[in-house]
Each structure stands twice: as structure tokens, then as C-alpha cells.
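Undergrad: 3D model of this:
(chains A and B)
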Amino acid sequence: AQTIHQWPVAEIKAVGSPLSLGCTIKGKSSPNLYWYWQATGGTLQQLFYSITVGQVESVVQLNLSASRPKDDQFILSTEKLLLSHSGFYLCAWSGQGGAEQFFGPGTRLTVL
Amino acid sequence: QQKVQQSPESLSVPEGGMASLNCTSSDRNFQYFWWYRQHSGEGPKALMSIFSDGDKKEGRFTAHLNKASLHVSLHIRDSQPSDSALYFCAASGNTGNYKYVFGAGTRLKVIA
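TA: Numbers count the residues shown, from 1 in each chain, chains lettered A, B, ... in the order given. A predicted model of the protein is given here:
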């Protein structure tokens, strides 16, 4: 069975500080990976997707970047946090484009 | 303008009742439609997909798609308190498309 793990569970950071969030998928070879941002009670905004190691496509520009250093790992980062970055960050995987996505438990980010 | 619009924003139904959620897309490039459910503090989980015109039934859940009007609906019969959650309609292109668009969500409350 496939499992998806996100870290950390929650973060409280200062405006202007750097950020790194991680996601690991086990039990699935060459998954398609995705990052989403969700405001409290709001919709999911797709941020990035990756089809293969080393390749990441940006869907919307929010002063964030993403990388895929390994087949099973997806990293979301920024060098300088903004207040608007606060929210719930979700990592997901799918077997192919357009297919069902499986979401991780999420990371709650609070920027003060 | 959001490409996937959901209604109503919130909905209350009695336990054992029928809940009906609606979704309309404004983009004819969308081929696949999904319903996801998200309980508070968790990542969303896919309930069901629908790709063809007509009805699709899975247990207490029935989805309906009208491709001509790009209208998708989800009906939950015999609603249970555990069905109380945020429901999202999501749309994507064909299997070669890795972009997903989510609606704003419908918050369902099932009253015991």
C-alpha cells in the first residue's frame, strides 16, 4: 500500500524567514507529485506538479519554489516568507495525469 | 473568474436525508470530474470520479454529469453525521494534463 508523509505537521514562522516543507511517498514508483495551498476553509490552489525527478512545473506564482530531488520526495520552499503564505499546504500524488489524487495529511503554516 | 463553481456554499440536512451538491465548469477542456471530501484538519480524499454523461452510483453516493452543460452533481442519500465535511468538485483535462482546478467547496452539515 502507498503512504504519503508530510513534514513538519505545523510551523510558526516570522515574516521574511525561509521555509522548507517536505513530502515523501512510499510504495509507488514514479508517482506524479503535486503541491497545493489552502486558506482556512477555502479552496485548494494547485501550486506545482512534477512528472519526473528533477522536473517541476509551476501552476501559479506565489513566491514559492519546489524541487523533486528523489523519485519519492517533493520539497516546497521559499527564502522569504510573506504573511499571505499562511495556510494549509498539501502534497498529493497520482498514478497518471487527470487521475485520482491521493493527499497527504498537510502542513499548517502560520506566518507572523 | 473561477473555472469551477460550486453551490450551495453550505448545506444542512437531517440525518437520513438527501444532500445534493452542484458544480458547473466554464472550461470545455475539462474532461474528468472528481468529488473530494475533506474533514477538518485532514487532507481531502476522493469520493468518486465521473467522466461520462449520465449517472454513476457508488453506495450512498450518486454523481451525475451533463457534458453539454458542464454540470456535475453529487447526491448523498441516507446522510450520516460522519458525512459532515467540506466537499470539493475538481476538474482536470485528459490523462496527459497534470493541472487540476478545484471549486470553492460546499460545507455539508448533517444534523443528528
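
Undergrad: my guess is A:Phe74 contacts A:Tyr49, does it?
TA: No. Because the distance of 9.5 Å does not satisfy C-beta atoms under 8 Å, A:Phe74 is recorded as not touching A:Tyr49. All C-beta atoms are positioned from the backbone trio N, CA, C, and that covers glycine.

Undergrad: and the nearest residue to A:Ala10 once chain neighbours are set aside, how close does it get to B:Ser26?
TA: Of all residues not flanking A:Ala10 in the chain, A:Arg108 sits nearest, at 4.3 Å (C-beta to C-beta, 6 or more residues apart in numbering or on different chains). Separation of A:Arg108 from B:Ser26 (C-beta to C-beta, to the nearest Å) stands at 32 Å.

Undergrad: again with A:Ser20
TA: 36 Å.

Undergrad: ok, B:Lys57 next?
TA: Applying C-beta to C-beta to B:Lys57 and B:Ser26 gives a distance of 27 Å.

Undergrad: what's the answer for A:Val111, then?
TA: A:Val111 sits 32 Å away from B:Ser26, taking C-beta to C-beta as the criterion.

Undergrad: please apply the same query to A:Pro105.
TA: The value you get for A:Pro105 to B:Ser26, if C-beta to C-beta is used, is 32 Å.

Undergrad: again with B:Phe102
TA: From B:Phe102 over to B:Ser26 (counting by C-beta to C-beta), the distance is 14 Å.

Undergrad: centre-most residue in chain A?
TA: The geometric centre of chain A, computed from its C-alpha atoms, lies nearest to A:Trp35 (C-alpha atoms, centre = their mean), at 3.3 Å.

Undergrad: so it makes contact with A:Gly87?
TA: No. Distance between A:Trp35 and A:Gly87: 11.8 Å, which falls outside the contact criterion (C-beta under 8 Å).

Undergrad: if we can go back for a sec, helix or strand right after the strand or helix carrying the residue nearest to the centre of chain A?
TA: Mapping A:Trp35 onto the secondary structure by DSSP states H and E places it in strand A:32-38. Counting by DSSP H and E, the next helix or strand C-terminal to strand A:32-38 is strand A:44-52.

Undergrad: quick check: phi and psi at the residue of chain B found nearest chain A.
TA: In chain B, the residue found nearest to chain A is B:Gly43; the distance is 3.3 Å by C-beta to the nearest C-beta. The main-chain torsion angles of B:Gly43 are listed as degrees, to the nearest 10 and equal phi -80, psi 150.

Undergrad: just the CA atoms of stretch B:69-85, as PDB, please.
TA: Written as PDB, here are the backbone C-alpha positions of stretch B:69-85 (Å, rounded to 0.1, in the frame of the first residue of the first chain):
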ATOM      1  CA  SER B  69     -23.900  22.000 -19.900                       C
ATOM      2  CA  LEU B  70     -20.700  21.000 -18.000                       C
ATOM      3  CA  HIS B  71     -22.800  20.400 -14.900                       C
ATOM      4  CA  VAL B  72     -21.800  17.900 -12.300                       C
ATOM      5  CA  SER B  73     -23.800  17.000  -9.200                       C
ATOM      6  CA  LEU B  74     -23.300  14.700  -6.200                       C
ATOM      7  CA  HIS B  75     -26.200  13.300  -4.300                       C
ATOM      8  CA  ILE B  76     -25.700  11.600  -0.900                       C
ATOM      9  CA  ARG B  77     -28.700   9.600   0.300                       C
ATOM     10  CA  ASP B  78     -29.200   8.400   3.900                       C
ATOM     11  CA  SER B  79     -26.800  11.100   5.100                       C
ATOM     12  CA  GLN B  80     -24.900  10.400   8.300                       C
ATOM     13  CA  PRO B  81     -23.200  12.800  10.800                       C
ATOM     14  CA  SER B  82     -19.900  11.400   9.600                       C
ATOM     15  CA  ASP B  83     -20.700  12.900   6.100                       C
ATOM     16  CA  SER B  84     -20.300  16.400   7.700                       C
ATOM     17  CA  ALA B  85     -17.300  17.800   5.800                       C
END
